[in-house]
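Asks: Predicted model and sequence below, questions to follow.
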Amino acid sequence: MARQRQIRIGREGFYYSLVLLAVLAGATARQLNLLMLVGSMLAGPLLFSLIYGRLALRRIVVKRKLPTDLRADQRLMVDISVTNCRRWIGIWTIEVEDRVERHCTARPEDSAAMVGVFYPHIAARETKQVSYQGQLPQRGRYGFGPLRVSTRFPLGLVRHSLVLDQQDVLLVHPKLGRLSHDWAQVVHENPAGTQRMQRRGLLEADFYGLRDWRPGDSRRSIHWRTSARRGSLVVRQYEQRRSQDLALLVDLWQPPRPTEQQLENVEKAVSFAATVIADACRQSGRNLTLSLAADIAVHRAAPASPFFFREQMDLLALVAPHAEPHLPPTLGHALALVGRSTPTLLISTRPIQWEALRAAAAERDVDLAGRQLQCIDVGSEELARYYQD
Amino acid sequence: MRSLQFEHIVQILMAVLILLATMLLGIGDRSATLTLVSLVVLAVSAYVTDLKKFFCLSQPMANLMAVGVVALAAVNAYHVDRHGQMIAVANLQSYLQYVLLFQSKTSRVYWQLALLSLGQVAIASTLVPGPMFGGIMLLYLLAGITTFALLLLQKESARYENPAPAATAALAPSGMLPMFADRQIPQLYGSTATSTWAAGWGLLEQGALIGLVTLCVTSLIFSFLPRWNIQNRQQDDSEALRSIGFSKKVTLGELGEVVHNADLVMRAQFFRGLSRLPFKLIGEPLFRGTVVDRYDGRSWTQAENRNSVNLPTEQRRPYVRQRMSVEPLESPELFCIFPVFAFQQESKLRIDNSGDQLSRLEEYRDRSLEFEIATTGIVNDKQRIYQPCEDALSDETVLDLLHMPLSQETQTAALPGLRETADRVLAERNIQPSDRVTAAKAISDWFHLSGEYFYSLEPQSRDPNLDPLEDFVTRHRSGHCEYFAGALVMMLRSQSIPCRMAIGFKGGEWNSIGSYYQIQQLHAHAWVEVYLGPTDIPPDAFAGDDEQPPAAWLILDPTAGTHEGSQDGENQGLFIRLRQYLDYGHVLWNNYVVGLNSTRQRQGIYEPVAQGFSAAVENLVSPKVWQARFQAVYRSPVGAFWEWYRRHWFSWRGGLVAIVFSLIATVCYLFGRWFTERVRRLMGKGRFAATPPVHVIYRRLEAALGKQGYQRKATQTAYEFALAAGGDLAENLEHRRVAHLPRRIVEAFYRVRFGGRTLDNSEAEAVEHALAELELVLGRSH
């Protein structure tokens, strides 16, 4: 870890030095011993300030601890711990400043920010930890560092600084919203949706009710107690869970000179997509397909799992929109890889270009008719029906 | 809350700074008014402005008042002398401070207050040359360092102690850019919580360290900053002492009044030849101030007017240097051991043409004076009894030394009783008056040996019809040294032995700390000097000298009952020892602080440092020195042991010795480590944040709960176990107060074990306390 030292005399130190020089000069010119004594006494603290900071910052260890993952709507807490490795001498008024900068920003006006923590006193061989908190409102890659440790003890005349080239990176995932009940109906209750029969078993189904025995029913499902009471055979009924695969197509478009609303739409689209993926990954047994038309085209398909979820969050954290005027054909092509009865959601930041989609799908011999294709323009009011921040 | 405490302490310390500065001014001006007024203003402003905030001067109003104050001070300073102008400037600084005190206290205001008090200290440095200035300055320095260190702590802490913001608030702490201000996201900066107790003691330690460093730096800079004026400009304003008895006319009885006075007159040091080490004389030295030879019945005067000439500069051997530091005196006479000569032409000193009296020039009167001259009046560390004379006295001068007062009635020699007594003493001893030395000694000794005469400082009633000396010798045989000496002079003169009375100081208090004599008024003394012509000088009087002087003075002290041996400070009480330390400190202050000039700097600092440095380099690089060292070690028991050990290297003895040494070294090392650690623990500085190993925390918790029968089930997580156990403990009256501890301990355990965090000192201590309390309560009821 590179360490760079800096020393700077502050305003107070400048004026103090002036006064000191004036006193010594006057005393020497007039040969006044007691005034020389006063001047000499003034020199002591200044010299101490020049030396102390250098010694104090020599044997300290500073560590930063970032959270493992963070979403844009979550509170950031970063722990900064400082260890004083000296055996006998404590250190005073230690400031640690951290630099936080957003990388890969689509908004060039965003800039780095400095944030600091303060330690009034750290005794010899002691570690103290302080956190700074905040909120990183946008998704993306954030760089932390370098750390700058400084002290102005004892009189604030001289600032000694040590710059530690300790860099860390944090990926901030898009923030998640809430999906409405309407969304659940769209995705989960589609009677024509693909049903993947699961292995039957008591643990795999919910008890539904009782009915009369019909030929073909298993003897295991006979409810003997009720049957004895009624005098006729009664069997248990179970509700079979139907797992639903899901395909998500995202057209992340933004004009070359976007308005504020259009910028907001891109973020909404990303958040909506992330929320859908998060919701889907909560239930196992699903296959998820994500096809993303952005600055890079991405196509992913895998069973829903926490790993898949994290992977897509990392992707969505960094994805940037494209400026192609027409719907990228990759989205239409992706339909060829998705089952006909798989619910498919197309999220777009502009009005849906049906013709372009149809044409792209046709290139892969895919017919949109009969597909469970739901298209949502995040700029329209339709989004509010399914998703809320 | 903590910021408030800091601020209060800063205000108090700033008040101390201001008061110290005004005290210094008050000492210099001999007035306590400014200090008292400042105290009142400080108290009022603290209450009205800082505490209750009833009243606070705005900046424009404060500026206006400052201008008015400056104008007023300028008017006051216009018609006064230099001293008055300095005081006016100092007062102006006080008034400006008063204006600042009623303003809201910011860092800028504190610095301005400190700057003004520094200005007062600078002015005081020209008014107060005494050691008290140094003492108060030290306090001022410590107070200033502590004040501004606390101010820095307070200011920096306040910057970071912002409360957690609301969701839409956009308040950023001063000096820091808010993170992504365009999103209006507030920020929170944390600062470590430090207990006031620990920080306070730590700050005192740090302040002491800074003070120590400052003292070292001060000493270095002050000592080595070059002086180029021989005469230091700083003058001593103390009043001149009135010296009674040290003029050309001495009235009988006046000396008795002087010897009750303990005022310091001078300090004297003696050096053999060119040596730098002062030494103490054997016996009490007699410092002659003036000589009187004409007695008119009540007073002693000098027979002739003497002219002042420059000191002789011809060196004679053997000589002893005498370095005198004389306090301000009214009279020009100086005191030393005679005969004297100077090493170089002394511009400040004069000697009379007969070489009997030393004096200073008119412009050096009424001020303290330091001078160094040599004397041949000391041999073998003892003052000579026979003082050599440059030239034999003329007959006329000798006649003056034989002068006896005449009786007014008969016009014959007065003092018949003295004469008869002298005759009787010599007759009894069968001594001829022509044998001056023997006769003089015999009469002088008679005062000691007769047992009839007593030394007393108390006023004695005398027969008004008799001469006081006659009365002393024949009737009332008690008196002080004037009477003894005067009587001896008259008795000797009655036997045609020329002599005179010398007045000065005898002995003095020996300060063993600084190796000098401290001569006070109470050491005033009178003695007799007998003139010896060439034929009267005993052959062995000047044995060992280069040449026999043509004449000499025999010194006799007839006073009986004077203190035997000087007060050398040995075997004396603590109080006297302390007084000697204080006086030596005063000497050092006067010589090496207030009075540090180029000569003293060169002799006392530059040359010793240069010599010391040369010697150190010589010691390091000289092969002869190293050879001598090695030989010394070889000849010592260590060398003998080493020689023995070499011979027995491979023997069982050698091995045993090696083992023993190793064991001793190991034990010493381990003991040192253990002792150091104990000391550190006692001082509250244990080892690195004693975070116990993670698993130990949980094991101890399980063990403590196990004593009450709580066992974690296999299906329970540690947290669930802690909750369950805590719930049970809460239902037990005896354990209720520790019911919350298992959950807290497990939370800390989780943070470390799964969260990857480390516990800082305070957290580790909290966990330790929780475990200890749990173990105690549950173990007690087991």
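Replies: Yes, it's here.
Asks: For chain A, what's its nearest residue on the stretch 201-350 of chain B.
Replies: Nearest residue of the stretch 201-350 of chain B to chain A: B:Thr214, at 2.7 Å (C-beta to the nearest C-beta). Where you see a C-beta, it was placed from the backbone N, CA and C, and this is true even at glycine.
Asks: which residues touch that residue?
Replies: A:41, A:44-45, A:48, B:141, B:145 (C-beta atoms under 8 Å, 6 or more residues apart in numbering or on different chains).
Asks: From these, which land in helices?
Replies: Among the contacts of B:Thr214, the ones falling in helices (DSSP state H) are A:41, A:44-45, A:48, B:141, B:145.
Asks: which of the contacts of B:Thr214 lies closest to B:Asp400?
Replies: Set against B:Asp400, the nearest of the contacts of B:Thr214 by C-beta to C-beta is A:Met41 (59.7 Å).
Asks: Taking the centroid of chain A, which residue is nearest it?
Replies: A:Val172 (2.2 Å; C-alpha atoms, centre = their mean).
Asks: would you say that residue is within a strand?
Replies: Yes - A:Val172: assigned to a strand according to DSSP: H, G, I helix; E, B strand; the rest coil.
Asks: Neighbours of B:Arg646, how many?
Replies: Around B:Arg646 there are 9 other residues, counting by other C-beta atoms under 10 Å in any protein chain shown.
Asks: B:Leu723: what's it in contact with?
Replies: Here B:Leu723 is in contact with B:742-743 (C-beta under 8 Å, 6+ apart).
Asks: The ones in helices among the contacts of B:Thr214 into CSV, with extra columns for neighbour count and pLDDT?
Replies: Formatted as CSV, the ones in helices among the contacts of B:Thr214 follow (neighbours: other C-beta atoms under 10 Å in any protein chain shown; pLDDT from 0 to 100):
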residue, neighbour count, pLDDT
A:Met41, 25, 91
A:Gly44, 23, 90
A:Pro45, 25, 91
A:Phe48, 24, 91
B:Leu141, 24, 89
B:Ile145, 24, 89
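Asks: Just confirm the residue nearest to the centre of chain A contacts A:Leu318, I think it does.
Replies: No - taking contacts as C-beta atoms under 8 Å, A:Val172 lies outside contact range of A:Leu318: 9.8 Å.
Asks: Compute the distance between the residue of chain A found nearest chain B and A:Leu21, please.
Replies: Chain B sits closest to A:Gly44 of chain A, with a gap of 2.7 Å, by C-beta to the nearest C-beta. To A:Leu21, A:Gly44 is 15 Å away according to C-beta to C-beta, to the nearest Å.
Asks: do the same with B:Gly135
Replies: Per C-beta to C-beta, B:Gly135 is found 26 Å from A:Leu21.
Asks: How about B:Pro312?
Replies: According to C-beta to C-beta, B:Pro312 and A:Leu21 sit 49 Å apart.
Asks: Now do the shared contacts for A:Val172 and A:Leu318.
Replies: Taking C-beta under 8 Å, 6+ apart as the contact rule, A:Val172 and A:Leu318 both touch A:139-141.
Asks: For A:Ile347, give me phi and psi.
Replies: phi -110, psi 130 (degrees, to the nearest 10).
Asks: for chain A, what's the longest strand?
Replies: Ordering each strand of chain A by length in residues (DSSP state E) puts strand A:91-103 first.
Asks: and that one with chain B, contact?
Replies: Yes - interface with chain B: strand A:91-103 contributes A:92-93, A:95, A:100 (C-beta under 8 Å from any C-beta of the partner chain).
Asks: and those residues as CSV, adding pLDDT and neighbour count?
Replies: What follows is the residues of strand A:91-103 next to chain B, written out as CSV (pLDDT from 0 to 100; neighbours: other C-beta atoms under 10 Å in any protein chain shown):
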residue, pLDDT, neighbour count
A:Trp92, 90, 23
A:Thr93, 91, 23
A:Glu95, 92, 20
A:Val100, 88, 20
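Asks: which one of those residues is nearest B:Leu426?
Replies: Lowest distance from B:Leu426 to these (C-beta to C-beta) belongs to A:Trp92, with 86.6 Å.
Asks: can you count the residues close to B:Arg609?
Replies: Slight slip there: residue B:609 is Val, not Arg. 12.
Asks: pretty sure A:Pro154 is touching B:Phe148, no?
Replies: Yes - here A:Pro154 reaches B:Phe148: they are 7.1 Å apart, a contact under C-beta under 8 Å.
Asks: residues in contact with residue 350?
Replies: Picked chain A for this. A:251, A:253, A:377, A:379.
Asks: look at chain B instead
Replies: Contacts of B:Arg350 (C-beta under 8 Å, 6+ apart): B:308-311, B:358-361.
Asks: ok, 7 Å please
Replies: The contact partners of B:Arg350, by C-beta atoms under 7 Å, 6 or more residues apart in numbering or on different chains, come to B:308-310, B:359, B:361.
Asks: a strand runs through it, doesn't it?
Replies: Yes - the assignment for B:Arg350 is a strand, going by three-state DSSP.
Asks: distance of A:Ala112 from A:Leu147?
Replies: Going from A:Ala112 to A:Leu147 by C-beta to C-beta gives 14 Å.
Asks: Between these two, which is the more surrounded one?
Replies: Regarding A:Ala112 and A:Leu147, a neighbour count based on other C-beta under 10 Å identifies A:Leu147 as having more, with 23 against 13.
Asks: what about stretch B:380-395, how long is it end to end?
Replies: From its first residue to its last, stretch B:380-395 covers 33 Å (C-alpha to C-alpha, to the nearest Å).
Asks: residues in contact with that stretch?
Replies: B:279, B:281-283, B:285-286, B:337-339, B:355, B:376-378, B:531, B:533-534, B:537, B:541-542, B:549-555.
Asks: In PyMOL, how would I select the buried members of those residues?
Replies: Here is the PyMOL selection string for the buried members of those, based on 16 or more other C-beta atoms under 10 Å in any protein chain shown:
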select buried, chain B and resi 281+285+286+337+338+339+355+376+377+378+531+537+541+542+549+551+552+553+554+555
